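Peer 1: Sequence unavailable; structure follows:
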Ligand code: ADP
Ligand code: MG
């Protein structure tokens, strides 16, 4: 308890949950590959941000995580780096396999931004990422998925359409074992909960699930309970509702 209090004073990190891994202070504590460390260095990210300090070890230990921190606090890297690691630990994709990592976010702009944030890492990790959102031709997304991708970044509506396309032969979520709901509060506000729940129904129950949000209004508690398993809950900078 004393350590937890100290952490709050140092970085504004509040954390709850069973057996929470200790936060890291430096990238060198994160068990990242040399190449990944080099890329992070070249991006100019000297040390993890507070949400990264606590979310990183929690996610790396395999836990479900709820992370609440304001816009601009570095939530994207907090879920991307552990996702790359997770995917590299799985058997390679075989023909017709769907993605291993799935990131859902409410808007085309957010999906595009996350996809862009993946890019510096994809080549050295030998991973492929598809970005799929409404308002773009679905045939383009279908073609990209057919070529195979370990990662899909999408809006919920487009994923529902892709699952239904060509009698369900375009993609499947059977191999998804790492899921992120990013900007979950906006997803909720925009009424995406039914689509999100439908997508979760297509995934294995032993997946790892990560929920990131700028705010955590009470109304989202039931959604969180339904999709997360014994999560570590991390709040940076006070609880905003
Ligand atoms: P959020 O999702 O919390 O709104 P982002 O993940 O988009 O925030 O990150 C905000 C900005 O901070 C981005 O430009 C990102 O590249 C940068 N950033 C991420 N991690 C770090 C870090 N450890 N050090 C410095 N800048 C970082
Ligand atoms: Mg974000």
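Peer 2: Received the coordinates, thanks. What you see is a predicted model; the values in this text were computed from it and never measured. Ligands and ions are numbered 1, 2, ... in the order given.
Peer 1: Touching, residue 184 and residue 219? I think so.
Peer 2: No - counting by C-beta atoms under 8 Å, residue 184 stays clear of residue 219, with 11.1 Å between them. In short, each C-beta sits where N, CA and C put it, glycine included.
Peer 1: more crowded one of these two?
Peer 2: Set side by side, residue 184 and residue 219 show more neighbours around residue 184, with 30 against 12, by other C-beta atoms under 10 Å.
Peer 1: show me what contacts that one?
Peer 2: Neighbouring residues of residue 184 by C-beta atoms under 8 Å, 6 or more residues apart in numbering: 211-213, 220, 223.
Peer 1: Under the pLDDT cut-off, which ranges of this structure? List them.
Peer 2: 1-10, 239-241 (pLDDT under 70).
Peer 1: Quick test: name the residue nearest the centre of it.
Peer 2: In the chain, the residue lying closest to the centroid (C-alpha atoms, centre = their mean) is residue 180, at 3.2 Å.
Peer 1: can you give me the offset of the helix or strand that contains it from its chain's centre?
Peer 2: Residue 180 is located in strand 178-181, with elements delineated by DSSP states H and E. Centre-to-centre, strand 178-181 and its host chain are 4 Å apart (C-alpha atoms, centre = their mean, to the nearest Å).
Peer 1: follow-up on the earlier one: report the two of the contacts of residue 184 separated the most.
Peer 2: 212 and 223 (13.3 Å; C-beta to C-beta).
Peer 1: Can you report how many residues neighbour the nearest residue to residue 85 once chain neighbours are set aside?
Peer 2: What sits nearest to residue 85 in space, not counting adjacent residues and going by C-beta to C-beta, 6 or more residues apart in numbering, is residue 60, at 6.7 Å. Number of residues near residue 60 (other C-beta under 10 Å) recorded here: 17.
Peer 1: which parts of the protein sit against ligand 1?
Peer 2: Taking C-beta under 6 Å from any ligand atom as the criterion, the chain approaches ligand 1 at residues 45, 48-49, 52, 69, 71-77.
Peer 1: Now residue 232: phi and psi?
Peer 2: Residue 232 adopts backbone torsions of phi -90, psi 130, taken as degrees, to the nearest 10.
Peer 1: Having no further points to raise, I will conclude here.
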